[in-house]
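*Asks:* I'd like to go over a predicted model; first the sequence, then the structure.
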Amino acid sequence: MSGAMAVILAAGKSTRMKSALPKVLHNVCGRPMIEYVLDAARSAGVTRIVTIVGHRADMVQAELSKHGDVEFALQAEQKGTGHAVMMCQEQLRSHHGPVLVLAGDTPLLKRESLAGLLKTQREQSAACVIGTAVTEANFGLGRVIRDAGGTFDKIVEEKDATAEEKRVREINTGCYAFDSQGLLGSLDQLRPDNSQAEYYLTDCPRVLKREGRVVVALEAFDMVEALGVNTREQLAQVTSTLQRKAMSQWMVNGTTIVVPEQTFIDPQVRIGADTVIEPFTHISGAVVIGDNCLIGPHAVLEGPLTIPSGTTVLPFAHLRSEKNSR
């Protein structure tokens with residue numbers, strides 16, 4: 001789908017990660033986690049990306065400035081997710097079409113899920129499509145409340161939920177597809193009348209529904225891809241998930257990884273058929289390995305590097321490009 005825009009929320013601090021580095025710049029398998037969100041949005045059909053920056057905005061902009069399709073809007077003071085999206089009202093006014101709103105700390109998002117949001121928004125002429133997931137582990141997450149007919153009624157945050165609402169298993173993933181002009185109108189009506197005294201983006205669907213606009217709650221996500229990274233433990237979980245996925249794909253394509261649990265390979269690495277990767281090997285960066293190679297054990301390869309077909313990289317070898325050796 002062409003003509004879609006994405007708004008990426010990336011203004012938050014790393015409070016729970018105990019870090020001075022902005023959360024979205026923490027590395028997952030060798031890349032800032034926000035880059036995975038950008039990739040997922042692009043693959044779903046987004047052609048314009050606005051990133052909302054705030055905490056250490058200079059660092060985030062410097063890292064993402066290499067992406068020619070990324071624009072920036074500044075949230076100088078953090079007053080909630082709705083307030084963050086308000087910071088890009090100028091860009092929204094110039095865009096007439098669908099808008100994905102995504103969190104920059106969700107590196108496991110899948111193209112198919114985001115494309116599903118956009119498809120539903122288009123086919124139903126919806127003012128908003130809310131991406132939902134179902135989980136027993138719903139503590140701390142916004143609940144999606146439906147009416148007796150099963151259609152969307154509202155989103156209730158944990159701290160504002162009643163005891164009955166807290167038992168709801170369907171949760172808001174924080175991924176939305178809005179009509180740009182509907183989003184603009186609903187932002188104007190947000191008020192910080194909640195326990196956090198913040199402007200909640202989650203109130204926008206309720207505003208649109210009250211106006212008689214079509215609002216859809218779409219169970220399009222699983223909880224793995226909806227996982228946001230707020231702690232170092234979650235960072236490790238996400239890294240492990242991406243590693244397992246990449247390892248599986250390499251092995252399907254003909255690479256032998258002797259002990260995957262004791263091997264680290266950057267997902268951007270390319271590996272040929274009948275190559276064997278021995279345990280405790282660490283391969284990072286843009287490394288291309290040909291066919292019929294033997295790597296390790298205990299080898300370290302740092303890209304950019306090209307390993308020709310038929311090469312044996314000896315145990316404990318450390319190969320790096322001239323760029324990395326300076």
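*Replies:* Yes, it's here. Not measured: the values here are computed from a predicted model.
*Asks:* Give the closest residue to the most centrally placed residue in the chain in space, chain neighbours not counted.
*Replies:* Closest to where the C-alpha atoms of the chain average out (Cα atoms, centre = their mean) is residue 106, at 3.0 Å. Nearest residue to residue 106, sequence neighbours excluded (Cβ to Cβ, 6 or more residues apart in numbering): residue 228, at 5.2 Å. Bear in mind the C-beta positions are built from the backbone N, C-alpha and C, glycine included.
*Asks:* List the contacts of the one you found.
*Replies:* 103, 105-106, 174, 234 (Cβ atoms under 8 Å, 6 or more residues apart in numbering).
*Asks:* switch to 6 Å and redo it
*Replies:* 103, 105-106 (Cβ atoms under 6 Å, 6 or more residues apart in numbering).
*Asks:* what do you get for residue 220?
*Replies:* 113, 116, 131.
*Asks:* Pipe these into JSON lines and attach distance to residue 70, secondary structure and pLDDT per row.
*Replies:* Shown next, in JSON lines, are the contacts of residue 220 (distance: Cβ to Cβ, whole Å; DSSP: H, G, I helix; E, B strand; the rest coil; pLDDT from 0 to 100):
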{"residue": "113", "distance to residue 70": "21", "secondary structure": "helix", "pLDDT": "96"}
{"residue": "116", "distance to residue 70": "24", "secondary structure": "helix", "pLDDT": "97"}
{"residue": "131", "distance to residue 70": "22", "secondary structure": "strand", "pLDDT": "97"}
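*Asks:* Only whichever of those residues are buried, select them in ChimeraX.
*Replies:* Those of these that count as buried under 16 or more other Cβ atoms under 10 Å are selected in ChimeraX with:
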select :113,116,131
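*Asks:* Between the contacts of residue 220, which sits nearest residue 77?
*Replies:* residue 131 (27.4 Å; Cβ to Cβ).
*Asks:* so the closest one makes contact with residue 171?
*Replies:* No. Counting by Cβ atoms under 6 Å, residue 131 stays clear of residue 171, with 10.1 Å between them.
*Asks:* And for the strand ranked longest in the chain, what's in contact with it?
*Replies:* Scanning the chain for the strand with the most residues, using DSSP state E, yields strand 170-179. Contacts with strand 170-179, where a contact means Cβ under 6 Å, 6+ apart, come from 98-103, 117-118, 121, 127-134, 138, 141-142, 144, 155, 221, 226.
*Asks:* quick one, domains of the protein?
*Replies:* 4-219, 253-325 (automatic domain parsing).
*Asks:* I'd like the contacts of residue 228 as JSON lines, with pLDDT and secondary structure appended.
*Replies:* Formatted as JSON lines, the contacts of residue 228 follow (pLDDT from 0 to 100; DSSP: H, G, I helix; E, B strand; the rest coil):
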{"residue": "103", "pLDDT": "96", "secondary structure": "strand"}
{"residue": "105", "pLDDT": "95", "secondary structure": "coil"}
{"residue": "106", "pLDDT": "96", "secondary structure": "coil"}
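*Asks:* elements contacting the helix or strand where residue 206 lies?
*Replies:* Residue 206 is part of helix 203-210, with elements assigned from DSSP states H and E. Under the contact criterion of 3 or more Cβ pairs under 6 Å, 6 or more residues apart in numbering; DSSP states H and E, helix 203-210 touches strand 128-134, helix 180-187, strand 215-219.
*Asks:* deepest of the ones you listed, which one?
*Replies:* Ranked by mean neighbour count, these are led by strand 128-134 with a mean of 25 (mean count of other Cβ atoms under 10 Å).
*Asks:* If you count neighbours, what's buried in the next helix or strand after that strand?
*Replies:* Using DSSP H and E, the helix or strand that directly follows strand 128-134 along the chain is strand 143-146. For strand 143-146, a neighbour-count test (16+ other Cβ under 10 Å) marks 143-145 as buried.
*Asks:* burial measure for residue 139, as a count.
*Replies:* For residue 139, the count of nearby residues is 9 (other Cβ atoms under 10 Å).
*Asks:* Look up how far residue 81 lies from it.
*Replies:* 19 Å (Cβ to Cβ, to the nearest Å).
*Asks:* likewise residue 210?
*Replies:* 19 Å.
*Asks:* So which of these two has more stuff around it?
*Replies:* A direct count of neighbours by other Cβ under 10 Å for residue 210 and residue 81 places residue 81 higher, at 24 against 12.
*Asks:* which one of the buried residues of strand 143-146 sits closest to residue 272?
*Replies:* Once Cβ to Cβ is applied, the member of these that ends up nearest residue 272 is residue 144, at 46.0 Å.
*Asks:* for that closest one, which residues make a bridge with it?
*Replies:* On the basis of DSSP bridges, residue 144 is bridged to residue 155.
*Asks:* which parts of the longest helix belonging to the chain are buried?
*Replies:* As assigned by DSSP state H, the longest helix anywhere in the chain is helix 232-252. Within helix 232-252, the residues that count as buried by 16+ other Cβ under 10 Å are 235, 238-239, 241-243, 246-247, 250.
*Asks:* what about the chain, any weak spots by pLDDT?
*Replies:* 1-2, 323-326 (pLDDT under 70).
*Asks:* So residue 118: helix, strand or coil?
*Replies:* Taking DSSP: H, G, I helix; E, B strand; the rest coil as the rule, one finds residue 118 in the helix state.
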